[in-house]
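>>> missing the sequence, but the structure's below:
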């Protein structure tokens, strides 16, 4: 079988992104939890909160280093595997990434050193400021990356320069305050907070089950349950906002998430469960909840959500408009000077230039889209439909786990309020075995966001098949194998280091004798 360079390049980027995203959520969440714990230490002066901050800080540090190591590779992939993408949109996409490196990552990396080595060299308030700087740096880093990613989902504030064939910024304000980017940022960051909270809950539950560091574990669980419950609830609210924005910007993704093949009368129902059939274009054994999807997707009772088949027909119309836009673009570029371009050609491109990306979908089947046949137009339109079963189930697994996290954190929040965290061992075991679940939910969320955008690297602007570099398939395959091996080793190292740190527990020297004595008389949560 001939190896597909586009599929291999997508696989390589997906693999490295999924590996990298194993580390990012925990870094985001733990950085804020550390700041909360140290703030409590500074306000109360109780040494156990300092001990907690230092202990969880060790786990944060291990994860932070691994996240940096795996993230660097992704920066280089844009130039290596996606060279035309980098050329076409680099002026826009590169700006937030550069700001992230200069402003956010350096802030985070600089103060990480002060966090670990400044305990005895800085005042309490000074060290607390460094810890908050680490948390802010982590979140600012995510902000600028998601601004770049959000622009890929909704390319606002930009226009194509027909002379250079590069996208250029027309409004940096629109790029920064892109509603899709802002919604993705708060949703992703909140998911990271949930991830860290469940991690702290699970590890603390293990300590209580083993009868070790019980007071530290109880306080950690109290913070994690409170913070995690708020974060889990916000993930649901912010996910609803993302669904609403998808109705505006990514209609095909929304229809695919619901396996909605035909346009339903408003308000559309929500498919609770079913078995989408991509070949037959129907969903078998579907259980639907009336009105729910219409309310989520449109926030009204009268607005329709178009179905997949209807959107495919719209895509054919846009592809035909894209052919006309491509023809006008070629005439503009063929003119000796801009002044030689006929007015009707300019007007044609101004009217239809928004559909140029759809015309470029034909590049997969024909070198010159103007020579495309109706059969090729049909194939290009069919390409706009992502893998519906994958998206359908990925979304439901993500949402189902999100509901579980709300329930779990709410239970432990209630137990912490009643000071009964150590009373129900089965619940502690559930918390322990729930540690991997946030990562599963987050990875499926990534699949929904990124896989659901196919066949586009830039929604409606640049198809994935056009953006890829012209490497040999064997070269890309070799790098996939290499990256998989290296990243697997890194994950094994991460798990060994984390497990060793958890088994070892907090440093006993950090807990004065007076604190040990007070454990017998001080309530579990303060």
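That came through fine. In this text the structure is predicted, and so the values were computed from the model without any measurement.
>>> Report the rounded mean pLDDT for the longest helix along the chain.
The longest helix of the chain (DSSP state H) is helix 214-249. Summarised as a single mean, pLDDT over helix 214-249 is 87.
>>> please begin residue numbering at 35 from this point
In the new numbering, first residue 35, that becomes helix 248-283.
>>> next structured bit after that helix?
Next in sequence after helix 248-283, counting helices and strands by DSSP states H and E, comes helix 285-291.
>>> Can you name the element that comes right after that next one?
Scanning forward in sequence from helix 285-291 by DSSP H and E, the next helix or strand is strand 304-311.
>>> Quickly run through the sheet partners of that next one, with directions.
strand 316-323 (antiparallel) (DSSP bridges).
>>> Hmm, residue 104 is touching residue 50, no?
Yes: contact criterion Cβ atoms under 8 Å: residue 104 and residue 50 qualify, at 7.1 Å. In this view, the C-beta of every residue, glycine as well, is placed from N, C-alpha and C.
>>> joint contacts of the two?
Counting by Cβ atoms under 8 Å, 6 or more residues apart in numbering, the residues touching both residue 104 and residue 50 are residue 521.
>>> sorry, back to before: from the contact counts, what lies against the longest helix of the chain?
Helices and strands touching helix 248-283, as assessed by 3 or more Cβ pairs under 8 Å, 6 or more residues apart in numbering; DSSP states H and E, comprise helix 58-78, helix 81-114, helix 213-244, helix 285-291, helix 326-332, helix 422-451.
>>> which ones are touching residue 51?
Residue 51 touches 108, 480, 484, counting by Cβ under 8 Å, 6+ apart.
>>> quick one on the thing from earlier: take the helices and strands packed on helix 248-283 and write them to TSV, including mean neighbour count and distance to residue 373.
Formatted as TSV, the helices and strands packed on helix 248-283 follow (neighbours: other Cβ atoms under 10 Å; distance: least, Cβ to Cβ, whole Å):
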stretch	mean neighbour count	distance to residue 373
helix 58-78	22	50
helix 81-114	20	35
helix 213-244	24	38
helix 285-291	25	40
helix 326-332	21	47
helix 422-451	19	48
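>>> So which residues of the stretch 435-560 of the chain form strands?
Under the criterion DSSP state E, counting those that start in this stretch, strands of the stretch 435-560 of the chain are mapped to 490-492, 496-497.
>>> For the shortest one, give the mean pLDDT please.
By that I understand strand 496-497. 95.
>>> same check, this time on stretch 404-415
Per-region confidence: stretch 404-415 scores 96 on mean pLDDT.
>>> Only the buried residues of it, if you could.
406, 410-411, 414-415 (16 or more other Cβ atoms under 10 Å).
>>> So which of those sit within helices?
410-411, 414-415.
>>> Tell me the one of those nearest residue 167?
When those are compared for distance to residue 167 (Cβ to Cβ), residue 414 wins out at 49.2 Å.
>>> OK, contacts around that closest one?
349, 353, 392, 395-396, 398-399, 406 are the contacts of residue 414 under Cβ under 8 Å, 6+ apart.
>>> Contact partners for residue 397?
Contacts of residue 397 (Cβ under 8 Å, 6+ apart): 403, 497, 499-500.
>>> ditto for residue 289
Residue 289 sits in contact with 339-342, 345, where contact means Cβ under 8 Å, 6+ apart.
>>> Using CSV, lay out these together with secondary structure, neighbour count and distance to residue 81.
Formatted as CSV, the contacts of residue 289 follow (DSSP: H, G, I helix; E, B strand; the rest coil; neighbours: other Cβ atoms under 10 Å; distance: Cβ to Cβ, whole Å):
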residue, secondary structure, neighbour count, distance to residue 81
339, coil, 22, 56
340, coil, 20, 61
341, coil, 20, 61
342, helix, 23, 60
345, helix, 19, 61
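>>> can you tell me which residues contact residue 241?
247-248, 250-251, 539.
>>> Surely residue 89 and residue 250 touch.
Yes: Residue 89 lies in contact with residue 250 (Cβ under 8 Å); the separation is 7.1 Å.
>>> list residues touching both of these two?
Common neighbours of residue 89 and residue 250 (Cβ under 8 Å, 6+ apart) are residue 540.
>>> Tell me where this protein is predicted with low confidence.
Low-confidence segments of the chain, defined by pLDDT under 70: 35-37, 281, 543-560.
>>> picking up where we left off before, okay, the contacts of residue 397 in JSON lines with neighbour count and distance to residue 200 next?
JSON lines is the format used below for the contacts of residue 397 (neighbours: other Cβ atoms under 10 Å; distance: Cβ to Cβ, whole Å):
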{"residue": "403", "neighbour count": "25", "distance to residue 200": "20"}
{"residue": "497", "neighbour count": "25", "distance to residue 200": "17"}
{"residue": "499", "neighbour count": "23", "distance to residue 200": "19"}
{"residue": "500", "neighbour count": "19", "distance to residue 200": "14"}
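>>> Take those and keep only those in helices.
Among these, the ones falling in helices (DSSP H) are 499-500.
>>> need the contacts of residue 397 in TSV with distance to residue 322, can you?
Converted to TSV, those look like this (distance: Cβ to Cβ, whole Å):
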residue	distance to residue 322
403	39
497	33
499	35
500	38
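>>> And the furthest pair within the contacts of residue 397?
403 and 499 (12.5 Å).
>>> you'd agree residue 130 is up against residue 181?
Yes: using Cβ under 8 Å, residue 130 is in contact with residue 181, at 4.4 Å.
>>> between those two, what contacts are shared?
Listed as contacting both residue 130 and residue 181 by Cβ under 8 Å, 6+ apart are 209-210.
>>> For stretch 209-217, measure first residue to last.
Stretch 209-217 has an end-to-end distance of 13 Å (criterion: Cα to Cα, to the nearest Å).
>>> swap that for stretch 497-504, sorry
End-to-end distance of stretch 497-504 (Cα to Cα): 15 Å.
>>> re the thing from before, what residues of the longest helix of the chain count as buried?
Of the residues in helix 248-283, those buried (16+ other Cβ under 10 Å) are 248-269, 272-281, 283.
>>> Ok, stretch 501-518 next?
Here stretch 501-518 shows 501-503, 505, 510-511, 513-514, 517 as buried, counting by 16+ other Cβ under 10 Å.
>>> Give the burial count for residue 387, as a bare number.
19 (other Cβ atoms under 10 Å).
>>> hang on, isn't it packed against residue 194?
Yes: using Cβ under 8 Å, residue 387 is in contact with residue 194, at 6.8 Å.
>>> List the contacts of residue 226.
Contacts of residue 226 (Cβ under 8 Å, 6+ apart): 58-63, 176, 476.
>>> who's in contact with residue 424?
Contacts of residue 424 by Cβ under 8 Å, 6+ apart are 481, 485.
>>> how much space between it and residue 287?
Separation of residue 424 from residue 287 (Cβ to Cβ, to the nearest Å) stands at 12 Å.
>>> Equivalent analysis for residue 398, please.
The value you get for residue 398 to residue 287, if Cβ to Cβ is used, is 20 Å.
>>> Check residue 185 too.
Distance from residue 185 to residue 287, by Cβ to Cβ: 16 Å.
>>> cool, and residue 259?
Residue 259 is 34 Å from residue 287, by Cβ to Cβ.
>>> before we move on, what about residue 80?
For residue 80 relative to residue 287 (Cβ to Cβ), the value is 49 Å.
>>> repeat for residue 342
10 Å.
>>> With residue 372 instead?
Counting by Cβ to Cβ, the separation of residue 372 from residue 287 is 37 Å.
>>> So what's the residue count around residue 457?
Residue 457 has 10 nearby residues by other Cβ under 10 Å.
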